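Structure for the following, please:
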Amino acid sequence: MQQKINVLGTVIICCLLFACKPAAKVSQSKSLLVFSATKGYRHESIEDGIAAIRKIAVAKNWTVVATEDSAYFTTDNLKNFSGIVFLNTTGDVLGEPGQQALVDYVHNGGGIAGIHAATDCEYNWPWYNKLMGAYFESHPAQQTATLKVVGKHPATAMLPANWSRKDEWYNFRSVSPDITVLLMLDETTYKDGKMGANHPSAWYHSFEGGKVFYTALGHTRESYTEPLFLEHITAGITSVLK
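Below you'll find the model as predicted:
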């Protein structure tokens with residue numbers, strides 16, 4: 001009888017100890033909405049970009065929804081996403097309901113990452129210009145140029161101080177004074193730059209409650225298999241996730 005009591009007591013004690021043990025912390029998966037709608041020029045690299053971001057997401061344990069349907073932009077639906085990536089979007093792609101949903105999302109702390117043609121988008125909506133930090137104006141022929149790292153950020157931590165690579169180099173109509181510049185394009189290293197010594201090509205800023213990262217890089221299909229570029233956008237996207 002005494003033996004049975006001892007066994008029962010041991011079982012009870014073990015159960016209590018197990019119940020009191022803190023539960024293992026489960027990492028919460030982040031969710032991305034990758035938006036690549038076009039109402040103007042369409043980049044051949046869009047599909048490559050989506051595939052690259054999906055691979056990044058697998059490594060990061062993120063979930064990804066890739067779409068060109070502006071119907072995804074409702075206030076209730078965007079609450080499901082940790083961040084939105086505007087991947088080579090062009091033209092007026094959202095419409096008024098989608099625009100309002102994006103405003104609500106940013107005001108609720110949402111994160112936005114823009115890649116390349118994200119600045120060639122929504123020209124009739126001044127709020128988007130402020131959000132993204134600039135509007136595209138023009139570009140010369142694709143060529144190799146050198147970018148100078150001028151800001152400390154996860155998206156530049158892996159880059160050499162002078163980063164030489166081939167891409168399509170954007171000139172901008174204007175650049176917001178409120179951004180923090182991360183990469184500056186050296187116009188002495190290529191032909192037909194139009195912005196002079198002050199030619200930002202990647203930046204971030206806090207904007208009306210949300211976080212924004214933008215890189216002008218990413219025109220070419222080859223970009224999306226280039227290790228340094230992939231590390232650059234991975235860190236940039238990660239930095240704005242909520």
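
quick one, strands of this structure?
Ranges of strands in the chain, per DSSP state E, are 31-35, 63-67, 83-87, 111-115, 134-138, 143-149, 162-167, 171-175, 180-186, 200-207, 210-215.

from the chain's centre, how far out does the third one sit?
Taking CA atoms, centre = their mean, to the nearest Å, the mean C-alpha location of strand 83-87 is offset from the chain mean by 5 Å.

coming back round to it: go through the strands of the chain and name the closest to Ser223.
Closest to Ser223 of the strands of the chain, according to CB to CB: strand 162-167, at 6.6 Å. For every residue, glycine as well, the C-beta is placed using N, CA and C.

Could you list the paired strands of that closest one along with their orientation?
strand 143-149 (antiparallel) (DSSP bridges).

buried stuff in the strand it pairs with?
Ala145, Thr146, Leu147, Lys148, Val149 (16 or more other CB atoms under 10 Å).

Then stretch 74-91?
By 16+ other CB under 10 Å, the buried positions in stretch 74-91 come out as Leu78, Phe81, Ser82, Gly83, Ile84, Val85, Phe86, Leu87, Asn88, Thr89, Thr90, Gly91.

which ones are touching His116?
His43, Leu87, Asn88, Glu168, Tyr170, Thr215, Ala216, Leu217, Gly218, His219 (CB atoms under 8 Å, 6 or more residues apart in numbering).

didn't Gly111 look like it was pressed against Leu78?
No: judged on CB atoms under 8 Å, Gly111 makes no contact with Leu78 at a distance of 11.1 Å.

Common neighbours of the two, please.
Ile84.

one step back: which of the buried residues of strand 143-149 sit farthest apart?
Every pair of the buried residues of strand 143-149 checked by CB to CB; the farthest is Ala145 and Val149, at 14.0 Å.

Span of stretch 203-222 from start to end?
End-to-end distance of stretch 203-222 (CA to CA, to the nearest Å): 22 Å.

Just the buried residues of it, please?
The neighbour-count check on stretch 203-222 (16+ other CB under 10 Å) flags 203-205, 207, 210-220 as buried.
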